[in-house]
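Enquirer: no sequence on this one, just coordinates:
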Ligand SMILES: Nc1ncnc2c1ncn2[C@@H]1O[C@H](COP(=O)(O)OP(=O)(O)OP(=O)(O)O)[C@@H](O)[C@H]1O
């Protein structure tokens, strides 16, 4: 896979300050054939000003995790556990205990979310400008100052504010609409931006362009970003930390550089080996064999054991706890040390350079 040459600074000013604590978060659905646990007892800390990439195969629970962060799991899904938010000023609080009114405020003003399809997020009968105005109005923000900030954000995203604000969603290209949606999500100056596959519907060049813009916005506005994707190379260019999800749980979490260079979980190593890599010989690139577990019937022990070349009896019987691989790098595997020796993969060192051509 491709990894950038220049690493992001590892210790930005606030990156060890807690912002969100997710504690034992689970999401379940009652199905005819049993209870489907699509987020399974997940605990993770998210720090101020970091970009954390959440990666994993399709259906592994990434979107459920994103929804849990905003207490936005849609019925009949049931969320349990705690999500503690540490505001920049003031005491931490559990967002799951907020009233509906406070939760609505929280979702735009503290944490904002961007989904995959901008076109589905916008109302097709309203101009982009009307979306901005409606958001300011609904949150009792001053219209003129708010729209001024909106224009600045659009310019930061290489969009022409006059043209975009007057346009209906269908009058914008996919990349422009997605950038307009990012600007809208930042309108009320949230501290956290949760992005669930925000570039999945776009072509490769536009994906790369948007991630480099996110990097710029992150620096400029001191915003924490949770970037959810199945595209490991895409997030590797952006993230400070990576959290790898498998079968509705995190199996490896650590600084992006450490996880990429020296992954400790056999699943992460398999994922790195499965992505296209110009530096690897074709016969070294392998898909991950087998299927991910059914959420109604996740095996006991390590959920990856049926696909893991290192699995033994212990893996079948006992669920592995997180072990410290190094400072801030953890993996939930009985054989993490052995995995690093016997399961090879290759990274390359090329960075794609991409520019917008619709910037005004
Ligand atoms: N309404 C629902 N009822 C029952 N199961 C659901 C529902 N919505 C999602 N799921 C299941 O929850 C699991 C996790 O889904 P989720 O969307 O979080 O995965 P994901 O990792 O985000 O996948 P993708 O990358 O494809 O978006 C999947 O097995 C999915 O089938």
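Expert: In hand now; what should we look at? A quick note: this is a predicted structure, and the numbers were derived from the prediction, not measured. Numbers count the residues shown, from 1 in each chain.

Enquirer: Roughly how far does the closest residue to residue 84 other than its chain neighbours sit from the ligand?
Expert: Nearest residue to residue 84 in three dimensions, chain neighbours excluded: residue 21, at 4.2 Å (C-beta to C-beta, 6 or more residues apart in numbering). (Glycine included, C-beta is placed from N, CA and C.) As for residue 21, its distance to the ligand is 20 Å (criterion: C-beta to the nearest ligand atom, to the nearest Å).

Enquirer: give me the number of residues near residue 21?
Expert: 16 (other C-beta atoms under 10 Å).

Enquirer: same thing with the one 3 residues further on?
Expert: As a burial measure, residue 24 scores 11 neighbours (other C-beta under 10 Å).

Enquirer: who in this protein is up against the ligand?
Expert: Within the chain, the positions near the ligand by C-beta under 6 Å from any ligand atom are 29, 36, 38, 56, 58-64, 230, 295.

Enquirer: and the nearest residue to residue 304 once chain neighbours are set aside, backbone torsions?
Expert: With sequence-adjacent residues excluded and distances taken as C-beta to C-beta, 6+ apart, residue 304 is closest to residue 267, at 5.0 Å. Backbone torsions for residue 267, taken as degrees, to the nearest 10, come to phi -70, psi -40.

Enquirer: who touches residue 267 in this structure?
Expert: 244, 246, 251, 252, 288, 304, 307, 308 (C-beta atoms under 8 Å, 6 or more residues apart in numbering).

Enquirer: Looks to me like the residue nearest to residue 84 is in a strand.
Expert: Yes: Residue 21: assigned to a strand according to DSSP: H, G, I helix; E, B strand; the rest coil.

Enquirer: So it is in contact with residue 94, correct?
Expert: No: applying C-beta atoms under 8 Å, one finds residue 21 not in contact with residue 94, separated by 9.3 Å.

Enquirer: distance of residue 254 from residue 23?
Expert: Distance from residue 254 to residue 23, counting by C-beta to C-beta, to the nearest Å: 20 Å.

Enquirer: per the record, what domains does this protein have?
Expert: 18-239, 263-342 (the TED database).

Enquirer: Now do the helices in the stretch 101-250 of the chain.
Expert: 118-121, 128-138, 143-156, 161-166, 174-185, 204-221, 232-236 (DSSP state H, counting those that start in this stretch).

Enquirer: Of all the residues in the fifth one, which ones are buried?
Expert: Right, helix 174-185. Under the neighbour-count criterion of 16 or more other C-beta atoms under 10 Å, helix 174-185 has 175, 176, 177, 178, 179, 180, 181, 182, 183, 184, 185 buried.
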